[in-house]
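Asker: give me the fold of what follows.
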Amino acid sequence: MKVISIAAFTLAMLLGGCSSQNSADADSTNIVGSDRDAHDCIGSAGYSWCARTAQCERPWELAKKSGFENTPGNFAKYCGE
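Answerer: Next up is the predicted model:
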């Protein structure tokens, strides 16, 4: 019984140490949504700048709304990049 208690304590300490180390390593530059470009578009949310609409757009949504095939080349052509 004592061996099981020691093993459980050791495992808890190891797992606890891992989780606290990960949270200590987090830093404000890695926050989801903090990757804004020069036009303030959030790339991790799928947004890219479109000069034609003068706003941040999700390519697949713009393609559907504007009637072109969703490809990087078509998005660039439509948005004037």
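Asker: what sits against the closest residue to R36 other than its chain neighbours?
Answerer: Spatial nearest neighbour of R36, chain neighbours left out: I42 (5.7 Å); criterion: Cβ to Cβ, 6 or more residues apart in numbering. C-betas here are computed from N, CA, C, even on glycine. When contacts are counted by Cβ atoms under 8 Å, 6 or more residues apart in numbering, I42 touches 33, 35-36, 56.
Asker: what are the ranges of the helices in this protein?
Answerer: 2-25, 59-66, 72-79 (DSSP state H).
Asker: ok, of the ones you listed, where does mean pLDDT dip lowest?
Answerer: Lowest mean pLDDT within those: helix 2-25, at a mean of 53.
Asker: and for L62, the neighbour number?
Answerer: Using other Cβ atoms under 10 Å, L62 has 21 neighbouring residues.
Asker: from memory it sits against F75, does it?
Answerer: Yes. Here L62 lies in contact with F75, judged by Cβ atoms under 8 Å, at a distance of 6.9 Å.
Asker: which residues do those two both contact?
Answerer: C50.
Asker: which residue, other than its chain neighbours, is closest to N74?
Answerer: Spatial nearest neighbour of N74, excluding adjacent residues (Cβ to Cβ, 6+ apart): F68 at 4.8 Å.
Asker: oh, that last question was meant for N70, not what I typed.
Answerer: A63 (3.8 Å).
Asker: can you give me the neighbour number for that neighbour?
Answerer: Neighbours around A63, by other Cβ under 10 Å: 17.
Asker: check H39 too.
Answerer: Counted with other Cβ under 10 Å, residues neighbouring H39 total 13.
Asker: OK, contacts around it?
Answerer: H39 is in contact with 49, 56, counting by Cβ under 8 Å, 6+ apart.
Asker: what pLDDT is listed against it?
Answerer: Confidence score, pLDDT, at H39: 94.
Asker: please apply the same query to the one 5 residues further on.
Answerer: Taken from the predicted model, the pLDDT recorded for S44 is 92.
Asker: surely it meets V32?
Answerer: Yes. Counting by Cβ under 8 Å, V32 is a contact partner of S44 at 6.1 Å.
Asker: of the two, which one has the most company?
Answerer: S44 (11 against 8).
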